[in-house]
Structures are given as structure tokens and as C-alpha cells.
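**Student:** any chance you can model this:
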Amino acid sequence: MKAIAFILVSLIGAATASAQTTQAPPQAPPATRQAPTVVPLPVGTKIAFVNLQIVFSDSELGKQGQEQVRVLNQKLFAGLAARDKEIQGLSDKIKAQQTIVADALIQNWNQDLARLQREAQFARQEAQIQSEALQQQVLAEFEKKIRPVIEAVRAEKGLQAIVGIQSEPGGLTLLAAEPGIDLSAEIVRRLNSSK
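**Tutor:** This is a model prediction of the structure:
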């Protein structure tokens, strides 16, 4: 199931990027992808697959995890944006007044600016650590809850294996398959009904 964590990291990893930037994160409209429908498993099938990205994005559990990460990243971004604004303000002040005020005062302001920049860098690193820790927690919770559901479906259907796929590079990518061996919609339905 380490593959689950690897596959799902790409889904919530984009939320981390907003904590690292100094511009407001774009508010993308919600995806209007239609959830996959449950198709009967062909007779004699021994191996099926689950698109873990679909399960994570379509299940209530996955949506809750994504929301947790989004809320934390928004909070972290607000703190970073405030620091960046303070740094920009002091930098502008130094530029505007460097020919007017004493060199000693400019030197003090430059020292303050350097300190603020170091603090901001530390805050960005700390925000990254907090965001990654929450992502790992969300993924661990998701994996903990999805594993028994996948195993139950495998046993119930008499399958030898269920493979996790992803559409991102770096993992197993499905090129063609009988629609009935895609158990993603069934896993989502069972996760949502197991509340």
C-alpha cells in the first residue's frame, strides 16, 4: 500500500505549492468530471484495478482530507503574505529614504530587513513542514480506511489481485482495459456508504 501514498501525494501536493508562493493561490473552479459508474465484473476475471486518484478525489473521505490541507495552506499562506508585505514595506522605505536619512539609520533598517527575510525564509520552511505533515496524516488515514474496503471487494469478487493505477507519470498507467475490471466507482461507493 506504499503505492497508495505515492499515487495520492500528487493529488494533495499541489495544495502545498500555494504555501510556498507569495502570490494568492488561484481559486480553480471545481472539477466537473462525472464519477465513474459501476460496471459488472466480467465472468472469470482474476485481476482488477482501482484508480486511486479517482477514489481519493470522488470519495467523501478524500474530499475531507483535501479540504483539511486546503484550509491549513490558506492559513499558512496568509501568514507568509503578511510577512512578505512587511518586508516589501521596509524595502520600499529604505529605497525612498536612503538619500534623506542618516547612514546609521539606513544600516539599522537594512539589518532589520535582513532579519525579516531570514524569519520569512524560516516561516516558509516551517509552513512546508506543517503542510507535508498534514498531507502524510491525511494519506495515512485514507490508506487505513481504504485498505479493508479494497480487500473486502477483492475477497467478495474472488479476485487474485487488485492493482492501483494512476494517470500521473511514475506509476502504473492503464492503457486499455475491460470497463468491468475498473473497481474505482465501487470503492468510492463503499467508502461513502461506510460512514
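**Student:** what about P179, how many residues nearby?
**Tutor:** Neighbourhood size, P179 [other CB atoms under 10 Å]: 11. (C-beta placed from N, C-alpha, C; glycine too.)
**Student:** that one contacts V38, doesn't it?
**Tutor:** No - P179 sits out of contact with V38 when judged by CB atoms under 8 Å, with a separation of 10.0 Å.
**Student:** which helices and strands sit right next to the longest helix out of those in the chain?
**Tutor:** As assigned by DSSP state H, the longest helix anywhere in the chain is helix 103-156. Other helices and strands packing on helix 103-156, by 3 or more CB pairs under 8 Å, 6 or more residues apart in numbering; DSSP states H and E, are helix 2-20, helix 52-58, helix 60-97, strand 161-165, helix 184-193.
**Student:** state the mean pLDDT of the second one.
**Tutor:** When pLDDT is averaged along helix 52-58, the result is 90.
**Student:** three-state assignment of F49?
**Tutor:** On the three-state scheme (DSSP: H, G, I helix; E, B strand; the rest coil), F49 is labelled strand.
**Student:** run a quick neighbour tally on it.
**Tutor:** Neighbours of F49 (other CB under 10 Å): 17.
**Student:** so what's it up against?
**Tutor:** Contact analysis of F49 by CB atoms under 8 Å, 6 or more residues apart in numbering lists 162-165, 174, 177, 181-184.
**Student:** from G180, how far out is it?
**Tutor:** Per CB to CB, to the nearest Å, F49 is found 11 Å from G180.
**Student:** G164 now?
**Tutor:** Distance from G164 to G180, by CB to CB: 18 Å.
**Student:** neighbour count winner among these two?
**Tutor:** For G164 versus G180, neighbours defined as other CB under 10 Å are more numerous around G164 (21 against 14).
**Student:** poorly predicted segments of this structure, please.
**Tutor:** Within the chain, the stretches with pLDDT under 70 are 1-36, 168-171, 195.
**Student:** how far is the longest helix of the chain from where the chain is centred?
**Tutor:** On the basis of CA atoms, centre = their mean, to the nearest Å, helix 103-156 sits 11 Å off its chain's mean C-alpha point.
**Student:** report the angle between that helix and strand 161-165.
**Tutor:** Angle, helix 103-156 to strand 161-165, by axes from the mean of the first three to the mean of the last three CA atoms, to 10 degrees: 150 degrees.
**Student:** ok, the closest residue to G158 other than its chain neighbours - contacts?
**Tutor:** Excluding its sequence neighbours, the residue lying closest to G158 (CB to CB, 6 or more residues apart in numbering) is K46, at 7.9 Å. By CB under 8 Å, 6+ apart, K46 lies in contact with 158-161.
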